[in-house]
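Participant: Pasting a predicted model and its sequence here:
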Amino acid sequence: MNLEQIQDFITNHPYLWSALVLALIALAVNEALRTVKGQKPIPANEAVRLMNTEDAIVVDTRSAADFKKSHILNAKHVPMAGIEERAKEISKNTDRTIICYCGIGNVAPQAAAKLRKLGYTRAYALKGGINAWQGDGMPVTSK
């Protein structure tokens with residue numbers, strides 16, 4: 001595709017072009033806000049750093065059956081459905097670093113957001129969940 005074809009497309013399809021531009025702007029603004037608010041999921045290597053340097057608490061938000069199959073070492077099992085009610089079980093200290101994870105990384109950001117609303121300022125989500133964790137060669141346990 002050359003520049004002339006792109007210009008023809010823009011000229012002949014102004015609504016499609018406008019929709020594309022608006023979608024890209026919305027995506028950029030959303031990502032910027034997530035980064036500023038600390039909502040951007042953290043990769044496994046950053047999670048390990050926080051576990052080692054800040055003694056981060058790791059929270060598994062999956063079902064009990066999934067937790068029993070495998071989980072990150074020393075993770076606390078607090079299903080997403082009860083995260084708000086059981087927040088004090090995770091930590092009474094709202095300044096403590098907390099890393100939430102799920103199966104594929106779609107639920108943990110919601111759990112971290114709920115914890116932040118409760119005052120836990122350092123609640124993060126693990127990017128890609130336990131699947132990405134294992135994909136990066138990180139250890140899990142079933143004990």
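Facilitator: In hand now; what should we look at?
Participant: residues making contact with whichever strand or helix holds N52?
Facilitator: Using DSSP states H and E, N52 sits in helix 44-54. The contact list for helix 44-54, computed with Cβ atoms under 8 Å, 6 or more residues apart in numbering, reads 42, 56, 58, 97, 99, 124, 126-128, 132-133, 136, 138. (C-beta placed from N, C-alpha, C; glycine too.)
Participant: run the last query once more with 6 Å
Facilitator: A56, T97, I99, L126, W133, D136, M138 (Cβ atoms under 6 Å, 6 or more residues apart in numbering).
Participant: mind listing which of these are in strands?
Facilitator: By the criterion of DSSP state E, membership of these in strands covers I99.
Participant: what domains does the record give for this protein?
Facilitator: 3-36, 44-135 (automatic domain parsing).
Participant: tell me the most buried of these?
Facilitator: Ranked by mean neighbour count, the domains of the chain are led by domain 44-135 with a mean of 18 (mean count of other Cβ atoms under 10 Å).
Participant: Run the chain-centre distance for it.
Facilitator: 9 Å (Cα atoms, centre = their mean, to the nearest Å).
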